[in-house]
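**Student:** with the input below, show me the fold.
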Amino acid sequence: MRLANAVTAPAAGVAVVVALAPVVPVAATLLVGAVVAMAVTLRAATHRYGLVGALYLLGVGAAVLALARFPFVWNRTPLFALWGFGLLSLAIFCLRVALGVVGRRALALVVDEGADSVWDALSAFGGTLVIAWSVLTAHEKAVRSAGIGIGVSTTTVLDALGYGFPVLAGVLRRYRSVTVAGQEVVVPLWAVRNGIDATTVLFVGCLIVGFHTVGTLAATWQAVKDTTGYATERAGDSVGNDAAAAGSGDRPQGDESG
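**Tutor:** This next block holds a predicted model:
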């Protein structure tokens, strides 16, 4: 896959998102952008859909941080999901590339032809499983986080009614940062107080799973063609048809004046 294709497809999707974000809901905007990015990838005749999906999510996440035209809602759960799943997908692609040297050589000992395409198919399938499991896990965590928001609201109301419950929001306000390796990391209080929108997390996750699934299907079909000689047979048939057409065109015509 040429670098131009890897950049053009996600860039087209990001451009669509930037154009639609101020007037179209988040889910619809992300879906249209993903369809455009996937269509450009399909036209490029490549199966690197996972990489395109990762760059698409990261590109949208970067645009949300850099541009003021995005509504405020984009800076909450959508931004969290875009960067999280985008970085995970990119890490999976890099891992596939790193392991590809060993994987291709190992498959070459077993497969006579098409070891590269077989590795692409197997690694794409493994990457799809990992990203799908991660999406389900993230969705479960997001559902659990909703309990924090309920706890904040409940304790606040009970304290206002005079029941003397400690207000959870006040506790969270005092412990809004943690220190990791000597560096202070600020915890996003909107996520702690209100929870993560599980529906948005699942939707963004399904988008990147869709990219990986289509990439797996494309890589599998390519492996089938390479290992069964399908492409060679089609090329031979095409050459034979061209030769037959050329032969019929060169055949001398009889004298019809008789």
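
**Student:** CA atoms for contacts and neighbours, from now on please.
**Tutor:** Noted.

**Student:** roughly how far apart are Thr41 and Tyr49?
**Tutor:** Thr41 sits 7 Å away from Tyr49, going by Cα to Cα, to the nearest Å.

**Student:** between these two, which is the more surrounded one?
**Tutor:** Taking neighbours as other Cα atoms under 10 Å, Thr41 and Tyr49 compare with Tyr49 leading, 27 against 24.

**Student:** mind listing what the nearest residue to the more buried one once chain neighbours are set aside touches?
**Tutor:** In space, and not counting its chain neighbours, Tyr49 is closest to Gly215: 4.8 Å by Cα to Cα, 6 or more residues apart in numbering. Applying Cα atoms under 8 Å, 6 or more residues apart in numbering to Gly215 gives the contacts His47, Arg48, Tyr49, Gly50, Ala124.

**Student:** is it true that Ala37 touches Val16?
**Tutor:** No. Applying Cα atoms under 8 Å as the test, Ala37 and Val16 come out as separate, 9.3 Å apart.

**Student:** those two: which has the busier surroundings?
**Tutor:** With neighbours defined as other Cα under 10 Å, Ala37 and Val16 compare such that Ala37 has more, 28 against 19.

**Student:** elements contacting the strand or helix carrying that one?
**Tutor:** Assigned by DSSP states H and E, Ala37 belongs to helix 26-43. Applying 3 or more Cα pairs under 8 Å, 6 or more residues apart in numbering; DSSP states H and E, we find helix 26-43 packed against helix 3-20, helix 49-66, helix 198-228.

**Student:** what mean pLDDT does the second one get?
**Tutor:** On average, the pLDDT along helix 49-66 is 93.

**Student:** burial of the residue found closest to Arg96 once you drop the neighbours it is linked to in the chain, as a residue count?
**Tutor:** Here the nearest residue to Arg96 in space, its sequence neighbours aside, is Ser123; by Cα to Cα, 6+ apart that works out to 6.3 Å. The tally of other residues near Ser123 (other Cα under 10 Å) stands at 22.

**Student:** out of the helices and strands packed on helix 26-43, which gets nearest to Leu107?
**Tutor:** helix 198-228 (12.0 Å; Cα to Cα).

**Student:** so how far is Thr228 from Ala34?
**Tutor:** Distance, Ala34 to Thr228, by Cα to Cα: 33 Å.

**Student:** can you list the buried residues in stretch 94-114?
**Tutor:** Arg96, Gly100, Gly103, Arg104, Leu107, Ala108, Gly114 (16 or more other Cα atoms under 10 Å).

**Student:** output it in PDB with nothing but the alpha carbons.
**Tutor:** Once non-C-alpha atoms are left out, stretch 94-114 reads as follows in PDB (Å, rounded to 0.1, in the frame of the first residue of the first chain):
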ATOM      1  CA  CYS A  94       2.600  -1.800  14.100                       C
ATOM      2  CA  LEU A  95       2.700  -5.100  15.900                       C
ATOM      3  CA  ARG A  96       1.600  -6.900  12.800                       C
ATOM      4  CA  VAL A  97       4.300  -5.300  10.800                       C
ATOM      5  CA  ALA A  98       6.900  -6.100  13.500                       C
ATOM      6  CA  LEU A  99       6.000  -9.700  13.700                       C
ATOM      7  CA  GLY A 100       5.600 -10.000   9.900                       C
ATOM      8  CA  VAL A 101       9.200 -10.800   9.200                       C
ATOM      9  CA  VAL A 102       9.200 -13.900  11.400                       C
ATOM     10  CA  GLY A 103       5.600 -14.800  10.500                       C
ATOM     11  CA  ARG A 104       6.200 -14.800   6.800                       C
ATOM     12  CA  ARG A 105       9.300 -16.900   7.000                       C
ATOM     13  CA  ALA A 106       7.500 -19.400   9.200                       C
ATOM     14  CA  LEU A 107       4.600 -19.700   6.800                       C
ATOM     15  CA  ALA A 108       7.000 -20.000   3.900                       C
ATOM     16  CA  LEU A 109       8.100 -23.400   5.300                       C
ATOM     17  CA  VAL A 110       4.500 -24.600   5.200                       C
ATOM     18  CA  VAL A 111       2.900 -22.800   2.300                       C
ATOM     19  CA  ASP A 112       4.400 -23.200  -1.200                       C
ATOM     20  CA  GLU A 113       3.000 -20.000  -2.600                       C
ATOM     21  CA  GLY A 114       1.400 -16.900  -1.100                       C
END
